[in-house]
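Participant: I would like to see how this sequence folds:
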Amino acid sequence: MAIPQHFIQELLARADVVEIVGRYVQLKKTGANFSGLCPFHSEKSPSFTVSPSKQFYHCFGCGKNGNAIGFLMDHTGAGFVEVVHDLAQQYGMTVPEDERSPAERARAAQQSEKRATLTDVLARAGEAYRRHLKDSPRAIGYLKQRGLSGQVARDFGLGYAPEGWRTLASVFPDYTDPLLQESGLVIVSEDPSTSPGQGPSTSSGARRYDRFRDRVMFPIRSVKGEVIGFGGRVLGDEKPKYLNSPETPVFHKGRELYGLFEARAALREHGYALVTEGYMDVVALAQLGFANAVATLGTACTPEHVQKLFRFTDSIVFSFDGDAAGRRAAHKALEAALPFATDLRMVKFLFLPAEHDPDSFIRAEGTEAFAQAVEKALPLSHFLLDAAAEECDMDTPEGRAHFAARAQPLWQLLPRGALARQLLGEIAARVQIGVHELEQLWGLRRPVAASPSGPASAPRRRAGAERPVSRTPTRSAPRPRTPPASRASRALQILLTDSAAWDHLSQADQALLCDLPAPHGPLFTWLAGQALDHGPQPWSALREALRDHELEPVAVQLVESLPLDIESDTAELNHILALEHDARYAAERERLVAAAADGDRAAYERLKTLPTQRPR
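Facilitator: Prediction:
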């Protein structure tokens, strides 16, 4: 559903950005504005400013800026539609839903109510588990043995599920409530022998009992802080060691990361996310000074996990055991991360000695040694080459051919850019053939056929023969390309025809594009909403979403001016963004020079810290 722009404008007119930002940042009145420490990067002196008159925030340190909706999206990691709905509810507004039928609106309302009810049930269970932990010396002893303090246990909401089969019956008056089963807290078994005793049962004779019994409980929270599930760990050596909530309407293992809610501030402070394998790793690392750790929930790392992390940081380090299982998990993470490995992002793989996990390594070697291990972790490019070379005898032609075949599907997951180009050269060198030969082998380049007429009939421009084969059928006489009027227009052409490229841009690049003057900035903002709501879409789908939009003619004209066989060029997009950043930097410098000349002392002090050119 596309939310009308007029409603967004009305919502922003009612919402007070100072009040909203103030929920997360301690703000101090400084003249006409408010200032505080930026929540998006680590700093000791405030450079984060909120303007009540402009209803806008800006950080002079990291460049983050935007309105109330943008702040909530960046700070919580929630999507555009989710933020708009939550904000509208706070201000007593109803989001227009004219595009949906009454039945669809009713279903959506029912789902929203169900979600709120389930998270409320799970929150009540979490409170009960925390109370039980205080009364369980055995569980407290286990946590102390693992080196956890009471403060960390409180920060992560740790609890304890007692040994009884129906402990939750004392928490919820109606133990037969279907919500207990739907939330994953209670199991209903048709086999009466599954659970002992003669407790509550359904009319069919099925028995109900608690899913989690005699386990330390780890509440799993969404990026908004809602309890959406639990992980439970046994206190001894029983199997399974870890037990997770099942898939529910509010909990999807392939999308959620344990500890992400708690780690948000630390991700910005440390500058990277450390992805580990278990709950205890995350909590123990927070105890030891690495609160930027998160963990997958008993499943392999997915593209959704990676995409969610890149909303908070541009650098990810995966930490795995050095055994066979750890290598398999690392391969899955590699495949998930490759589509998002742009030239502006960093992905690394940390393999610890077989006898260590992150917790034990830090306790044995110290925090500094672990920080150095992270710094020296294997870059994604090296791991891709190593993974492709496994079980390949690189001293033989057969082994090198096998390596090329294994490397191809991995390399093709990469977005186009300098990293992909360099890796192509690395792969070609290891196969001991030229880059052009490898491109032809992989179908990335048209082979230059020998002409019976000799050199006279060869292509006039060699560059034309080197271009990748287009996936779009060409017409016999394609219309000439009309050059766009500006860099911003060309960037729009690229992103409208390859919307997946939006997710590969850094947060600074996205903010730069959205802040451009109309019509470009509003179109980029609209495109950002589409990406958050629906993910990558072909131009045909975006074209339909633009129907009756005030900027529809601009977008349509830009795309229709392209020839049918042109391909989007993300390398060109990166170049455009670099030029735009340079232009903005130069303009800011000129503004400061003018202000300093007029006696503005703050502008003069700021100008002294700026280099002549934007740092690269």
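
Participant: ok, residues contacting whichever strand or helix holds residue 524?
Facilitator: In this structure, residue 524 sits in helix 520-534 according to DSSP states H and E. Helix 520-534 has contacts (C-beta atoms under 8 Å, 6 or more residues apart in numbering) with 1, 3, 5, 73, 79-81, 486, 488-489, 491-492, 495-496, 499, 502-503, 510, 513-516, 537, 541-542, 545, 549, 551, 554-555. No exception for glycine: its C-beta is placed from N, CA and C like everyone else's.

Participant: repeat that for 6 Å
Facilitator: The contact list for helix 520-534 (C-beta atoms under 6 Å, 6 or more residues apart in numbering) reads 79-81, 488, 492, 495, 502, 513-515, 551, 555.

Participant: in helices, which of those residues fall?
Facilitator: Judged by DSSP state H, the contacts of helix 520-534 include 80-81, 488, 492, 495, 513-514, 555 as members of helices.

Participant: quick check, nearest of those residues to residue 384?
Facilitator: residue 495 (26.4 Å; C-beta to C-beta).

Participant: longest single helix anywhere in the protein?
Facilitator: helix 102-134.

Participant: mind listing what's buried along that one?
Facilitator: For helix 102-134, the neighbour count (16 or more other C-beta atoms under 10 Å) marks 118-119, 121-126, 128-130, 132-133 as buried.

Participant: using CSV, write out every CA atom in the helix holding residue 524.
Facilitator: This file holds the C-alpha atoms of helix 520-534, laid out as CSV (Å, rounded to 0.1, in the frame of the first residue of the first chain):
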residue,chain,number,x,y,z
HIS,A,520,14.9,14.5,-7.3
GLY,A,521,14.9,14.4,-3.5
PRO,A,522,11.2,13.5,-3.1
LEU,A,523,11.5,10.8,-5.7
PHE,A,524,14.5,9.3,-3.9
THR,A,525,12.5,9.4,-0.7
TRP,A,526,9.6,7.7,-2.4
LEU,A,527,12.0,5.1,-3.7
ALA,A,528,13.4,4.5,-0.2
GLY,A,529,9.9,3.9,1.1
GLN,A,530,9.2,1.4,-1.7
ALA,A,531,12.5,-0.4,-0.9
LEU,A,532,11.6,-0.7,2.8
ASP,A,533,8.0,-1.7,2.2
HIS,A,534,8.4,-4.1,-0.7
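
Participant: which single one of the ones in helices among the contacts of helix 520-534 is nearest to residue 243?
Facilitator: Proximity of the ones in helices among the contacts of helix 520-534 to residue 243 was ranked by C-beta to C-beta; the top entry is residue 81 with 33.1 Å.

Participant: neighbours of the closest one, how many?
Facilitator: When neighbours are defined as other C-beta atoms under 10 Å, residue 81 has 16 of them.

Participant: what about the strands in the stretch 351-500 of the chain?
Facilitator: Along the stretch 351-500 of the chain, the stretches classed as strands by DSSP state E, counting those that start in this stretch are 378-379.

Participant: distance from the chain centre to stretch 44-51, please.
Facilitator: Stretch 44-51 sits 25 Å away from the centroid of its parent chain (C-alpha atoms, centre = their mean, to the nearest Å).

Participant: re earlier: and the longest helix of the chain, how far out from the chain middle?
Facilitator: 24 Å.

Participant: and that helix, what does it pack onto?
Facilitator: Secondary-structure packing of helix 102-134 (3 or more C-beta pairs under 6 Å, 6 or more residues apart in numbering; DSSP states H and E): strand 159-161, strand 227-234.

Participant: each with direction, which strands does the shortest one pair with?
Facilitator: Sheet neighbours of strand 159-161, with direction, are listed as strand 215-221 (antiparallel) (DSSP bridges).

Participant: pull the distance from the partner strand to the chain's centre.
Facilitator: 23 Å.

Participant: quick one: contacts of that strand?
Facilitator: 126, 129, 139, 157, 159-161, 227-234, 258, 261, 279.

Participant: what's the answer for stretch 310-320, then?
Facilitator: Residues contacting stretch 310-320 (C-beta under 6 Å, 6+ apart): 77, 267, 271-276, 309, 326, 329-330, 333, 340, 345-350, 358, 374, 377, 506.

Participant: picking up where we left off before, so which of the helices and strands packed on helix 102-134 is the most packed in?
Facilitator: Mean neighbour count (mean count of other C-beta atoms under 10 Å) peaks for strand 159-161 among the helices and strands packed on helix 102-134, with a mean of 26.

Participant: from the chain's centroid, how far away is it?
Facilitator: Distance of strand 159-161 from its chain centroid, counting by C-alpha atoms, centre = their mean, is 30 Å.

Participant: same deal with stretch 576-588?
Facilitator: With C-alpha atoms, centre = their mean as the basis, stretch 576-588 stands 26 Å off its chain's centre.

Participant: please apply the same query to stretch 402-422.
Facilitator: 22 Å.

Participant: which residue packs closest to residue 290, ignoring adjacent ones?
Facilitator: residue 274 (6.2 Å; C-beta to C-beta, 6 or more residues apart in numbering).

Participant: paired strands for the host helix or strand of that neighbour, with orientation please.
Facilitator: Per DSSP H and E, residue 274 falls inside strand 273-276. Strand pairing for strand 273-276, using DSSP bridges, gives strand 293-295 (parallel), strand 315-321 (parallel).

Participant: since that was my last question, I'll sign off now.
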